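A.B. asks: after the sequence you'll find the predicted model.
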Amino acid sequence: MAPRRKALMTLLKLTDLAVVTAALVISVAVDSNGKAITGWPAVLEMRVSLRNFLFVGAYLVAWHFILKMRGLYNSYRLSPASRELGDIAIAVLVAAAPLLPLSFFIGFDHLDERDAITFGVVSFVALGIERRLLRAVARRARGWGRNLREVIIVGDESCALDAAVKLVQREGLGYRVIEILGTGSVSPDASDGDGAYLDGNALVSGNGHARPAARGYANGNGRNGNGNRHATTSAHASAHGRGPESVLHKLEELLAQQPIDEVFLAMPLDRTQPLLQPLISLCEEQGTTLRVVASLAVLDWSRAAIDTLAGQPVLTISSGPPDTLRLVVKRALDLGVATVGLALFLPLFIAIAIAVRLDSKGPVFFAQDRVGLNRRRFKALKFRTMIDGAELLQPQLEPLNEAEGPVFKIEADPRVTRVGRVLRRLSLDELPQLVNVLVGDMSLVGPRPLPVRDVSRIDVRWHKRRFSVKPGITCLWQINSREPKFDEWIRADMEYIDNWSLALDLKILAKTLPAVISGQGAH
C-alpha cells in the first residue's frame, strides 16, 4: 500500500473510532427521560478510573476489528451506498448488542438499556453520515486527479473499450486506465477502420498495435483542450498471439514494471473460461485485485448482484427490488402499521362482523386462494361480502364479465349482499388483510393479489413480473382509477416495481384514504 493511501486509511480508522467514542459519550449524557441532553456536567465529572479506561479502550479495539471484518475498510468505489450502509448496520448491531452485559460484568455502571439503544442508533447515524461525507470528499479529490487507482483492462476489445469509457465517464470513481490488453478483434462500432479511440486518445489500432495519443492530455491529472479530465493514459493490444498465454505474459510484464492497483477482465461470459482461472492465479500471486466485468446479456428490467455460495461467486439477476436495508425498513413499517391498525380497528371489526352475520347466512370472513410473491399461494382474508357459496356461481356469470383481460369484475354483481355493497364501497372488506400483512404474505403497498382463476388466464409473459414483489392492500392502480382495464392495471404495477422506494410507498398510503372515501372504481 502506498504511503499516502496508508495514511488516508489510518485517518479513516481513527475517524471511525472517534465517531464511536462520541456516540458513546452522547448515549451516556442523555438523561433518563431521553428528551434532551442534560447530563453533560455529570459526564465531565465522571471519575476516570483505570477499569473504565481499560474497558472503553478494549471496546474500541473490538469495534475496529468488527468494522474491519465487515469489510468497511475495503474499496466501495463500485458499490452502491446502500451496501456500505448495510455493512455499517450489521457492524453496529454486532458491536452494540454485547455492550450492556459486558458493562454489567465489568462494573461499568454508566449504561442502562436506554443508553445502549441510544448508542446503537447514534453510532449508525453518525457512521453513515461520516462515510457519506468522506465519499463526497473522495469523489471531489479524484475528479482533480488525486487518490487514483491505476488499472489494466484485459478482454475482448469491444467490451474492454466499453469498460474503459465507463470508467472515464465516471471520474469520481478515480480509475486511471494504464493499458488495454485485447484478446480479439475490435468491433466495427468501436473503430472507424483505422483505430479505436477514447476521447481523442487512440487506444487500440485496427491492426492490433497500440497507438500514441492523438490529442488531449491524458495523464489522469490534467485537462484536454475541451476542459475534460481523463482517467486514462494509453492502451495496448498484442499484435501476435492473441491467446491466453500471450495476454498473461504481457500482463505479468506490466505488473512487474509498475504499480498496478486493479485488473479488469471485460469480455462475454461464455469466452472468459480459458482466461479466467489463469488470470485469477496470476493476480493472487501478485496481490492485485481482479474485477470481472462479464457481459452476460442485455437486462431490460432486471438488476444484477453478486452473492456467494461456499466461497464461490454467484451472479444473481432479479427483476424485483433488491434485498437491501430499504426492504427491511418496509417490512418494519408493515409490521408496525398492521399491529397498530388491528388494535385500533378492533371495535370496527366487531361491528362489521355482527353486521355480516345479521345480513346473511355464512361465515364472517372469506378466505380465498391468491397468488403472491414468486407465485406462492396463500389465503387472503376478507370480510364476506357475497352470499355463502358465491364462488360456485361464478361460471354462470362469466358472460357478464365487464373487465378486460383475465380478471373478473361485475359492477352490479347479484351475489353481493346489502352489507357487502357498503363494505366494498368503502373498501372495508379488505381490512382483515392486515393479518396477511402481519404474517408476511402481503405488504401494505404492492400489486393487488390475484385469484388463482385470474392468474391461470394471464397469457402475456411480462405481466407475470408482478409476482416479483409481495402483493399489497393498496397500490398505484387502486389510488388512480380502479377501472376494470387490465392493461392499465398491469402497467401501474410495472411502474410501481420499476420505481419502488419507501417514499413512493408513503405517497401511495397517503393517497389511499382519499381514494377510499371517494369510492371511485370500487365494485
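C.D. replies: Now that the structure is in, tell me what you want to look at.
A.B. asks: hey, let's count contacts and neighbours off CA atoms from now on
C.D. replies: OK.
A.B. asks: show me where the stretch 251-400 of the chain has its helices.
C.D. replies: 273-286, 325-344, 346-359, 390-397 (DSSP state H, counting those that start in this stretch).
A.B. asks: quick one: which of these is nearest Trp462?
C.D. replies: helix 325-344 (23.3 Å; Cα to Cα).
A.B. asks: what packs against that closest one?
C.D. replies: When contacts are defined as 3 or more Cα pairs under 8 Å, 6 or more residues apart in numbering; DSSP states H and E, helix 325-344 sits against helix 81-96, helix 433-439, strand 443-445.
A.B. asks: could you give the angle of it to helix 346-359?
C.D. replies: In terms of direction (axes from the mean of the first three to the mean of the last three Cα atoms, to 10 degrees), helix 325-344 departs from helix 346-359 by 60 degrees.
A.B. asks: could I get the CA-only coordinates of helix 325-344 as PDB?
C.D. replies: The C-alpha trace of helix 325-344 is given here as PDB (Å, rounded to 0.1, in the frame of the first residue of the first chain):
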ATOM      1  CA  LEU A 325     -31.900  -2.200   4.000                       C
ATOM      2  CA  ARG A 326     -34.900  -0.400   2.400                       C
ATOM      3  CA  LEU A 327     -36.800  -3.700   2.300                       C
ATOM      4  CA  VAL A 328     -36.100  -4.200   6.000                       C
ATOM      5  CA  VAL A 329     -37.500  -0.800   6.700                       C
ATOM      6  CA  LYS A 330     -40.500  -1.600   4.500                       C
ATOM      7  CA  ARG A 331     -41.100  -4.800   6.500                       C
ATOM      8  CA  ALA A 332     -40.800  -2.900   9.800                       C
ATOM      9  CA  LEU A 333     -43.300  -0.400   8.500                       C
ATOM     10  CA  ASP A 334     -45.700  -3.200   7.500                       C
ATOM     11  CA  LEU A 335     -45.400  -4.800  11.000                       C
ATOM     12  CA  GLY A 336     -45.800  -1.500  12.800                       C
ATOM     13  CA  VAL A 337     -48.800  -0.300  10.900                       C
ATOM     14  CA  ALA A 338     -50.500  -3.700  10.800                       C
ATOM     15  CA  THR A 339     -50.200  -4.100  14.500                       C
ATOM     16  CA  VAL A 340     -51.400  -0.700  15.400                       C
ATOM     17  CA  GLY A 341     -54.200  -0.900  12.700                       C
ATOM     18  CA  LEU A 342     -55.500  -4.200  14.100                       C
ATOM     19  CA  ALA A 343     -55.600  -2.800  17.600                       C
ATOM     20  CA  LEU A 344     -57.300   0.500  16.600                       C
END
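A.B. asks: next, the buried residues of that helix.
C.D. replies: Residues of helix 325-344 classed as buried under the neighbour-count rule (16 or more other Cα atoms under 10 Å) are 330-331, 333-335, 337-338, 342.
A.B. asks: could you dump these to TSV with distance to Gln286?
C.D. replies: As requested, the buried residues of helix 325-344 are exported to TSV (distance: Cα to Cα, whole Å):
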residue	distance to Gln286
Lys330	44
Arg331	45
Leu333	48
Asp334	49
Leu335	50
Val337	54
Ala338	55
Leu342	61
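A.B. asks: wait, doesn't Pro451 sit right on Ala367?
C.D. replies: No. At 11.0 Å, Pro451 does not count as touching Ala367 under the criterion of Cα atoms under 8 Å.
A.B. asks: the two: which has the busier surroundings?
C.D. replies: In this view Pro451 and Ala367 are compared by other Cα atoms under 10 Å, and Pro451 has more residues nearby, 19 against 14.
A.B. asks: and the nearest residue to the more buried one once chain neighbours are set aside, bridged to which residues?
C.D. replies: Counting by Cα to Cα, 6 or more residues apart in numbering, Pro451 lies nearest to Arg370, which is 4.4 Å off, once chain neighbours are set aside. Here Arg370 sits in beta bridges with Phe378, Pro451, going by DSSP bridges.
A.B. asks: which one of the helices of the stretch 251-400 of the chain lies closest to Phe119?
C.D. replies: Using Cα to Cα, the nearest of these to Phe119 is helix 325-344, at 19.5 Å.
A.B. asks: helix 81-96 and the closest one, what's the angle between them?
C.D. replies: Going by the same axes, to 10 degrees, helix 325-344 makes 70 degrees with helix 81-96.
A.B. asks: quick one: distance of helix 325-344 to the chain centre.
C.D. replies: 19 Å (Cα atoms, centre = their mean, to the nearest Å).
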